[in-house]
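1. here are the coordinates; sequence isn't available:
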């Protein structure tokens, strides 16, 4: 096999655009022609993030054994055999954990390269409480990983204490973005069929339309807010129809807009006056960093690392997890305080530029990946 360029295999349960997928694509795009990438999506119908990959990046979609199923020895052997021939394996979240187990058990048999596992958060089934069986499975599966990468302090603590991982294996790399890209004033007519009028204000969020995001609370909040306030929920997912029907049932459908997934969030974030997040579970939501970079105040529950992410000025506008009434009240009060919105937004922008710019994140991932691949190559 040619060693001119490293070959990295990425294993995802789905490759629809979400936090981990978008971050993965951004890293690929930054590295450009320096590496070749093979991507596996456990659900072949959900590969929407692929359209974000830059043309110069060489990507393949290899046939691969199913990522889900009973973890029988035969199935795990097939997974391990399919991971051979690359320079690095990258696995993502619980949906790829069987591949991690296969690596731990059979890496020597099939000469499988080093594996880096990434944990970015939990789905609805573990949003409120981690499952004991999964914790034990992770403990065993992660036994021979070269590194476990997490973006948040909360996940770092879980990795060390709950999953029993050694300090040397766990790497916390905060998600970063091109903060300067969010400085430009976006066009008011950027969204098809939707124009921001000069006499109206927008509450916005970027989120997958899934139950764990708890988006109905934002739709219900529109009943309490003035008619000059609009809600824009940018994203796609299985909850779209339910959200649209809820808006109709509450009589606010003319002020609730679901434009779908936005490939370039920097072109819409600046149209918002308040960024709202309503999730039951988050770790280090990159959408909050994007909102901060755009100079927005953030109203959100105190979940994951959000209290430490936002500026001190923004702290009072975070609410207790699960307290939907408090979240709605925070939105309502902030809509009446334009000067506070401006002050908080500036403080958030300054913090985002100082702490969460993409360059530091990209440098740390490259150092980790290339360090492992160089170590793995024969002399």
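-> That came in fine, so what should we check first? If you're wondering where the values come from, they're calculated on a predicted model, not measured in any experiment.

2. Let me see the backbone angles for residue 202.
-> phi -120, psi 130 (degrees, to the nearest 10).

3. Am I right that residue 204 falls within a strand?
-> Yes - secondary structure assignment places residue 204 in a strand (DSSP: H, G, I helix; E, B strand; the rest coil).

4. since we're on it, how many residues are nearby?
-> Residue 204 has 25 neighbours, counted by other C-beta atoms under 10 Å. Every C-beta, even on glycine, is put in place using the N, C-alpha and C of the backbone.

5. Please apply the same query to the one 3 residues further on.
-> Using other C-beta under 10 Å, residue 207 has 25 neighbouring residues.

6. How about residue 132?
-> 9.

7. Check residue 174 too.
-> Residue 174 has 18 nearby residues by other C-beta under 10 Å.

8. got the contact list for it?
-> 151-152, 284, 355-356, 360-361 (C-beta atoms under 8 Å, 6 or more residues apart in numbering).

9. From those, list the buried ones, please.
-> Buried members of these, counted by 16 or more other C-beta atoms under 10 Å: 151-152, 284, 355-356, 361.

10. Take those and write them to CSV, including secondary structure and distance to residue 141.
-> What follows is the buried ones among the contacts of residue 174, written out as CSV (DSSP: H, G, I helix; E, B strand; the rest coil; distance: C-beta to C-beta, whole Å):
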residue, secondary structure, distance to residue 141
151, coil, 20
152, coil, 21
284, coil, 23
355, helix, 32
356, coil, 30
361, helix, 26
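
11. Give me the domain ranges for the protein.
-> Listed by automatic domain parsing, the domain ranges of the chain are 7-176+358-376, 179-355.

12. got any ranges where the stretch 51-200 of the chain has weak pLDDT?
-> Across the stretch 51-200 of the chain, the ranges flagged by pLDDT under 70 are 124-128.

13. all strands for it, in order.
-> 58-60, 88-92, 115-118, 147-150, 170-172 (DSSP state E, counting those that start in this stretch).

14. CSV for those strands, including mean neighbour count and distance to residue 339?
-> Shown next, in CSV, are the strands of the stretch 51-200 of the chain (neighbours: other C-beta atoms under 10 Å; distance: least, C-beta to C-beta, whole Å):
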stretch, mean neighbour count, distance to residue 339
strand 58-60, 13, 48
strand 88-92, 25, 42
strand 115-118, 24, 41
strand 147-150, 24, 37
strand 170-172, 19, 36
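
15. Mind putting the ones you listed into a markdown table with distance to residue 350?
-> As requested, those are exported to a markdown table (distance: least, C-beta to C-beta, whole Å):
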| stretch | distance to residue 350 |
| --- | --- |
| strand 58-60 | 37 |
| strand 88-92 | 32 |
| strand 115-118 | 29 |
| strand 147-150 | 26 |
| strand 170-172 | 23 |
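
16. Of the ones you listed, which is nearest residue 20?
-> Closest to residue 20 of the strands of the stretch 51-200 of the chain is strand 88-92 (C-beta to C-beta; 5.3 Å).

17. ok, residue 281 touching residue 322?
-> No - using C-beta atoms under 8 Å, residue 281 is not in contact with residue 322, being 10.7 Å away.

18. So between the two, which is more surrounded?
-> residue 281 (18 against 12).

19. before we move on, the earlier item: and residue 12, which of the strands of the stretch 51-200 of the chain is closest to it?
-> Across the strands of the stretch 51-200 of the chain, residue 12 has its closest neighbour in strand 88-92 (5.1 Å, C-beta to C-beta).

20. just checking, what packs against the closest one?
-> Where contact means 3 or more C-beta pairs under 8 Å, 6 or more residues apart in numbering; DSSP states H and E, strand 88-92 is packed against strand 7-12, helix 19-31, helix 97-110, strand 115-118, helix 358-376.

21. what about 10 Å?
-> strand 7-12, helix 19-31, strand 36-41, helix 97-110, strand 115-118, strand 147-150, helix 358-376 (3 or more C-beta pairs under 10 Å, 6 or more residues apart in numbering; DSSP states H and E).

22. want to throw the ones you listed into JSON lines with distance to residue 135?
-> As requested, these are exported to JSON lines (distance: least, C-beta to C-beta, whole Å):
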{"stretch": "strand 7-12", "distance to residue 135": "21"}
{"stretch": "helix 19-31", "distance to residue 135": "20"}
{"stretch": "strand 36-41", "distance to residue 135": "25"}
{"stretch": "helix 97-110", "distance to residue 135": "11"}
{"stretch": "strand 115-118", "distance to residue 135": "14"}
{"stretch": "strand 147-150", "distance to residue 135": "14"}
{"stretch": "helix 358-376", "distance to residue 135": "25"}
